[in-house]
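> next come a sequence and a model predicted from it.
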Amino acid sequence: MNKKPGNELEFIKKLFLIILGLCLFLFSANKMIQVIVSFLLILYFVSWLYSKILRKNITIKRTVKEFRINRNDFFKIDIEICNNSILPIIYSEVYDTAAPLKCFGDGARFCLSLGPKRKTFLSYNVSGNTRGEFFIGPLVFKTSDPLGFFNIQ
């Protein structure tokens, strides 16, 4: 997991909102406020659970990591994404970095949604300016829970 400077601030904000919600729930005399806050806290917990389940059950593989190519030859790269969970992936983005190579069309950027227990294959073509052995990567997969509270990368 990457330690970015903004992660601690985001964690503190979320923790503060949870504590504020719990205090409103416990110490408010108004039943309507208690019902609304309890609904929001349950919704937040379900989103957290959704993101944890997805994070453990998504697998992503590339067929090849390194290859040799002649100048101006094309090479097809395939990516396999598998959702092994019982929850759907509503929206996700896939980026592959093919730095010294030329990508065609939209290149190595994909947007997809994937149902539960489903698998999909993505492919794109690259071409080299020079002859040699090339390494591609890293492969980045970004998604979140349906409400967007927790990002998965």
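In hand now; what should we look at?

> counting neighbours, what do you get for S113?
For S113, the tally of surrounding residues (other Cβ atoms under 10 Å) stands at 13. Quick note: C-beta positions are derived from backbone N, CA and C, even for glycine.

> correct me, but it touches P88?
Yes. Between S113 and P88 there is a contact at 7.0 Å, judged by Cβ atoms under 8 Å.

> quick check: I33 vs L40, distance?
Plainly put, I33 is 11 Å away from L40 if you go by Cβ to Cβ, to the nearest Å.

> buried sites along the host helix or strand of I19?
With secondary structure defined by DSSP states H and E, I19 is part of helix 5-27. Across helix 5-27, burial judged by 16 or more other Cβ atoms under 10 Å covers 21, 24-25.

> nearest to D145 among those residues?
D145 lies nearest to G21 out of those, by Cβ to Cβ, at 17.7 Å.

> any idea how far stretch 39-56 is from the chain center?
Averaging C-alpha positions (Cα atoms, centre = their mean, to the nearest Å) puts stretch 39-56 15 Å from its chain's average.

> ok, stretch 140-153 next?
On the basis of Cα atoms, centre = their mean, stretch 140-153 sits 5 Å off its chain's mean C-alpha point.

> which of the buried residues of helix 5-27 sits closest to S92?
Closest approach to S92 among the buried residues of helix 5-27 (Cβ to Cβ): G21, at 28.8 Å.

> which ones are touching that closest one?
Taking Cβ atoms under 8 Å, 6 or more residues apart in numbering as the contact definition, G21 lies against 37, 40-41, 44.

> so which of those residues are in strands?
Among those, no member is found in strands (DSSP state E).
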